[in-house]
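Asks: Model the following, please.
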Amino acid sequence: MRSIVPAALFLAALAAITVPAQAAPQLDSPQASQRPGTGHLNLATEHWISASGSVRSAVKATFSALEYMAYKEEVQRDPHGIASRVLPASTTRIEEAAPSVRFEDETGSMIFERTDLGAVRWTRDGKREFVVENGPEFDAVAQERDRTVARFTESGSLFGLEYSGTQSVFVPGGSIGTEFDAATRGVRWRRGPESWPSAPTKVAVMLTPVERVLTGAYKAYGFDGEHWVGRVRVDNTGPALITRFALRHRVVGYSEWSPWTKLADVAPGESAVLCLYPILAAASVQLRSDTPTNLLVEWRYVDGEGTERDDSDSARLVLLGGNDFIFARSSGAGRAGTFAERNDNANLLAAWVSRDDSIVREVAALGAKRAGGAPASQDIYSAVATLKGLYETLLANDITYQHPPALADTTLSFSSTTVQNIKFPRDVLRDRSGTCVDLAVLYASLVHAAGLPAFLCVVPGHCFPVIGMPDGSLSAVEVTGVGGGGRMGMDASTFGDMFLHGERELAVALAGPHVLVDLRHQWTHGVSCPELPPLSPDAVSKVPLRESIPSTKVPHLAELREEQIEWFTGTFELLLSEPGGAAKHATLRSVPSVDARTFLMVLTQAELTPKEGGGASTRRTTTQIFEGRTLFNSLRCVGLRKYVEVEGVAGVTHLPSDSLELTSWTNGLDGHLTLTDPKGGDPVVLKVTERKK
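Replies: Residues are numbered from 1 along each chain as shown. This next block holds a predicted model:
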């Protein structure tokens with residue numbers, strides 16, 4: 001129930017907006033976060049809490065005049081979408097007023113607003129609490145007119161904009177004992193003393209079940225958070241105070257009765273929202289098809305006359321089969337929201353990404369072996385080599401892309417509102433095929449097992465794996481390029497093509513509608529993998545896992561080709577002869593792929609730059625990673641990554657990576673390499689001065 005939106009979330013929403021370069025910084029450019037601030041943004045966030053428990057949230061963003069007009073034009077194109085990203089919905093709350101935005105031209109401000117019920121919760125001792133997101137620093141509790149307010153401040157720089165801001169939480173009028181609990185980051189208060197009549201109480205209790213329960217992610221429903229099986233709204237509609245309200249629930253046949261959830265009191269006109277988190281039985285993941293059951297709730301309380309009362313209600317639940325998944329929690333209400341709101345089950349994909357399956361570890365070890373065995377997190381080259389090794393291990397084992405048969409449109413790999421069967425990684429390895437979601441889940445499992453942070457990016461009709469690189473950047477691999485299904489319009493593609501395709505795909509996704517599932521975050525917040533049965537000896541089909549592609553499957557390796565492979569494999573000392581410049585030394589390392597069609601190549605060049613005025617020289621190391629391809633008697637390469645390390649007094653500084661550089665090489669096997677740029681410019685001759693084996 002996090003409530004205050006930090007500045008980072010607001011600026012991330014702005015980062016998805018493209019504005020003219022002359023009007024404002026291009027926040028969606030890769031180098032935006034590296035540039036010095038080009039403007040200043042002031043954020044003033046206020047949360048007004050009513051006596052009924054609803055919260056009206058408003059974020060006022062004030063820009064410079066030039067930036068304001070540019071952003072205003074873009075926000076007006078999708079006001080609801082931008083407002084929803086600035087003030088995102090929470091499934092634990094009930095929306096009372098949809099997100100909106102209004103403009104104050106005279107001050108250069110935009111004001112984003114929404115009203116929800118359910119952001120206020122009850123503590124055990126009867127206090128009310130509003131939880132504040134991490135980020136803002138607590139300042140003080142003060143009195144402003146007839147309201148007590150808890151104030152917070154924050155400042156910093158993100159996406160090229162300097163920002164400063166205040167966060168204010170206004171508790172209901174008449175409240176007493178307002179304080180900030182640093183441990184829970186909650187603003188707490190008590191209702192002021194009031195006299196209530198002794199009278200019968202009117203209580204309205206409304207139960208809303210989730211449409212479908214994903215049993216493959218059954219553990220997630222047992223933790224307080226966004227995923228619940230039902231939500232109960234409690235309204236005191238009478239004139240008297242009710243006390244000692246308690247509620248419990250169970251899923252018939254699949255959970256025990258939950259402990260009682262208790263509210264010390266509910267005042268007249270006050271409402272509470274309680275989400276239901278049952279501990280579902282592990283056997284639920286073994287279901288193979290839709291299974292109906294009932295969600296039961298019971299409650300009790302003491303009314304205004306001191307009489308103990310109780311009641312109950314029930315609703316029908318549908319438990320999906322253990323492999324069944326649907327991206328949309330609801331098929332009806334809320335379909336007009338943002339892409340993230342329409343795919344609010346997407347984070348549950350983390351339950352399908354196996355963390356501790358022996359077969360996943362075995363395949364990941366084969367991929368790491370192809371990369372030379374260095375830890376994937378050691379440096380960017382080791383990470384790229386590992387990603388290539390994992391991709392090519394899938395190729396070696398004939399893993400293919402399979403388009404979902406139920407979808408006629410081959411440009412889509414799933415429908416948000418259609419239940420689809422998602423395989424666990426072990427099942428993809430057994431069947432040797434999978435949809436885009438299956439392959440993304442498998443590859444993310446392998447990436448995690450190899451030691452790199454893994455994510456899943458969900459965009460309209462598609463899902464692909466994203467990788468956290470050692471320098472903190474994100475990369476992606478379009479793993480459907482293993483072929484077989486025709487999504488990429490070709491048979492198996494090389495890793496380099498799919499790495500570059502993934503980079504472009506990720507850039508487009510982050511600037512548009514998407515959900516980025518942070519797997520480590522989800523695993524540590526309740527979305528855990530189910531316990532799968534032990535693997536049988538023939539679990540991975542009858543064909544054992546292969547480390548490389550058999551020579552019988554690559555008949556194109558003629559004698560000349562094999563000579564090329566031998567020549568291009570190893571470590572080379574090069575002399576770089578640039579037109580009009582001095583020769584520079586460099587090192588080139590080359591490793592062949594599983595099918596010997598490609599090589600992973602890394603060119604490292606180190607220079608010493610003397611300091612002005614004397615003193616120690618600065619060492620600058622440029623590293624370029626390529627994928628090379630043999631073509632008869634030549635070699636052509638495409639650039640995958642380029643990064644620079646500058647070592648000085650302050651240590652090592654990583655400059656921005658240029659991951660989309662399209663530099664190519666040709667080689668005539670004559671001891672010289674020519675580096676050319678397809679965009680023009682003079683070529684650079686690389687002379688092989690020594691070759692190490």
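
Asks: ok, so what distance separates Thr148 from Ile176?
Replies: Taking C-beta to C-beta, to the nearest Å as the criterion, Thr148 is separated from Ile176 by 8 Å. Glycine gets a C-beta too; all of them are placed from N, C-alpha and C.

Asks: what's the answer for Thr91, then?
Replies: Counting by C-beta to C-beta, the gap from Thr91 to Ile176 is 32 Å.

Asks: For the two, work out which one has more neighbours and name it.
Replies: Using other C-beta atoms under 10 Å, the more surrounded residue of Thr91 and Ile176 is Thr91, with 19 against 11.

Asks: that older thread, pull up the overlap in contacts between Thr148 and Ile176.
Replies: Trp189 (C-beta atoms under 8 Å, 6 or more residues apart in numbering).

Asks: can you pull out the helices in the protein?
Replies: Applying DSSP state H to the chain gives helices spanning 7-15, 65-77, 79-86, 339-342, 358-370, 380-396, 425-431, 436-450, 495-510, 519-523, 559-568.

Asks: just the ones you listed: most buried one?
Replies: Highest mean neighbour count of the helices of the chain: helix 436-450, a mean of 28 (counted as mean count of other C-beta atoms under 10 Å).

Asks: packing partners for that helix?
Replies: helix 358-370, helix 380-396, helix 425-431, strand 454-459, strand 462-468, helix 519-523 (3 or more C-beta pairs under 8 Å, 6 or more residues apart in numbering; DSSP states H and E).

Asks: Out of these, which gets nearest to Arg309?
Replies: helix 519-523 (40.3 Å; C-beta to C-beta).

Asks: And the pLDDT for the closest residue to Gly372 other than its chain neighbours?
Replies: Of all residues not flanking Gly372 in the chain, Ala385 sits nearest, at 6.3 Å (C-beta to C-beta, 6 or more residues apart in numbering). Ala385 is assigned 92 on the pLDDT scale.

Asks: Give me the phi and psi angles of the closest residue to Gly451 other than its chain neighbours.
Replies: Spatial nearest neighbour of Gly451, chain neighbours left out: Ala376 (4.7 Å); criterion: C-beta to C-beta, 6+ apart. Backbone torsions of Ala376, given as degrees, to the nearest 10, read phi -60, psi -30.

Asks: ok, Ala376 - contacts?
Replies: 368, 382-383, 386-387, 450-452.

Asks: Break this structure down into its structural domains.
Replies: Structural domains annotated on the chain: 7-188, 203-322, 339-523, 552-692, as defined by automatic domain parsing.

Asks: pLDDT-wise, which helix or strand of the chain ranks last?
Replies: Here the helix or strand of the chain ranked lowest by mean pLDDT, DSSP states H and E is strand 664-667, holding a mean of 44.

Asks: So the residue lying farthest from the centre of the chain versus Glu305, what's the distance?
Replies: Relative to the mean C-alpha coordinate of the chain, counting by C-alpha atoms, centre = their mean, the farthest residue is Ser198 (52.6 Å). According to C-beta to C-beta, Ser198 stands 6 Å off from Glu305.

Asks: Need the residues touching each of these two.
Replies: With C-beta under 8 Å, 6+ apart, Ser198 and Glu305 have common neighbours Ala240.

Asks: circling back: among the helices of the chain, which comes closest to Asp311?
Replies: helix 339-342 (32.6 Å).

Asks: which other helices and strands contact the closest one?
Replies: Using 3+ C-beta pairs under 8 Å, 6+ apart: helix 339-342 touches helix 79-86.

Asks: Tell me, how many residues neighbour the closest residue in space to Phe130 that isn't next to it in sequence?
Replies: Nearest non-adjacent residue to Phe130, counting by C-beta to C-beta, 6+ apart: Val187, 4.8 Å away. By the measure other C-beta under 10 Å, the count of residues near Val187 is 28.

Asks: show me the contacts for Val187.
Replies: Per C-beta under 8 Å, 6+ apart, neighbours of Val187: 129-132, 150, 169, 171, 178-180.

Asks: ok, of the residues you listed, which one's closest to Lys423?
Replies: Closest to Lys423, out of all of the contacts of Val187 and judged by C-beta to C-beta, is Val131, at 37.5 Å.

Asks: Quick check: that closest one touching Ala182?
Replies: No: taking contacts as C-beta atoms under 8 Å, Val131 lies outside contact range of Ala182: 12.0 Å.

Asks: In terms of neighbours, single out the busier of those two.
Replies: Neighbour count, other C-beta under 10 Å: between Val131 and Ala182, Val131 has more, with 17 against 8.

Asks: where does the stretch 1-150 of the chain have low pLDDT?
Replies: For the stretch 1-150 of the chain, the stretches with pLDDT under 70 are 1-39.

Asks: in it, which spans are strands?
Replies: In the stretch 1-150 of the chain, the strands defined using DSSP state E, counting those that start in this stretch lie at 39-49, 54-62, 94-104, 109-117, 120-122, 128-131, 137-144, 147-158.

Asks: and those strands as JSON lines, adding distance to Val213?
Replies: What follows is those, written out as JSON lines (distance: least, C-beta to C-beta, whole Å):
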{"stretch": "strand 39-49", "distance to Val213": "32"}
{"stretch": "strand 54-62", "distance to Val213": "28"}
{"stretch": "strand 94-104", "distance to Val213": "20"}
{"stretch": "strand 109-117", "distance to Val213": "24"}
{"stretch": "strand 120-122", "distance to Val213": "24"}
{"stretch": "strand 128-131", "distance to Val213": "26"}
{"stretch": "strand 137-144", "distance to Val213": "39"}
{"stretch": "strand 147-158", "distance to Val213": "37"}
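
Asks: Count the neighbours of Asp310 for me.
Replies: Neighbour tally, Asp310, other C-beta under 10 Å: 9.

Asks: Beta-bridge partners for it, please?
Replies: Arg300 (DSSP bridges).

Asks: give me every residue that touches it.
Replies: Here Asp310 is in contact with 298-301 (C-beta under 8 Å, 6+ apart).

Asks: next one: Arg124
Replies: Here Arg124 is in contact with 262, 264 (criterion: C-beta under 8 Å, 6+ apart).

Asks: same thing but 10 Å
Replies: Arg124 makes contacts with 262-264, as judged by C-beta atoms under 10 Å, 6 or more residues apart in numbering.

Asks: Could you do Thr621 as well?
Replies: 604-607, 643-647, 652 are the contacts of Thr621 under C-beta under 10 Å, 6+ apart.

Asks: switch to 7 Å and redo it
Replies: 604, 606, 644-645 (C-beta atoms under 7 Å, 6 or more residues apart in numbering).

Asks: Give the burial count for Arg102, as a bare number.
Replies: Neighbour tally, Arg102, other C-beta under 10 Å: 13.

Asks: which residue sits closest to it, ignoring its sequence neighbours?
Replies: Ile111 (5.2 Å).

Asks: from what I can see Gln167 touches Pro136, true?
Replies: Yes: assessed by C-beta atoms under 7 Å, Gln167 is found in contact with Pro136 at 4.5 Å.

Asks: which one of those two has more residues nearby?
Replies: When Gln167 and Pro136 are compared for neighbours, Gln167 comes out ahead with 27 against 22, by other C-beta under 10 Å.

Asks: Tell me the pLDDT of the more buried one.
Replies: Reported pLDDT for Gln167: 92.

Asks: Any idea what it is bridged to?
Replies: Gln167 forms beta bridges with Thr45, Phe152, as assigned by DSSP bridges.

Asks: From Val101, how far out is it?
Replies: As judged by C-beta to C-beta, Gln167 and Val101 stand 19 Å apart.

Asks: what do you get for Glu341?
Replies: Where Val101 is concerned, Glu341 sits at a distance of 17 Å (C-beta to C-beta).

Asks: what does Ile94 give?
Replies: On the measure of C-beta to C-beta, Ile94 and Val101 end up 21 Å apart.

Asks: Then Val477?
Replies: Distance from Val477 to Val101, by C-beta to C-beta: 37 Å.

Asks: When these two are compared, which one has more neighbours?
Replies: Val477 (28 against 20).

Asks: quick one: contacts for the closest residue to the more buried one other than its chain neighbours?
Replies: Among residues not flanking Val477 along the chain, Gly502 sits closest, at 4.6 Å (C-beta to C-beta, 6+ apart). Residues near Gly502 by C-beta under 7 Å, 6+ apart: 464, 475-478.
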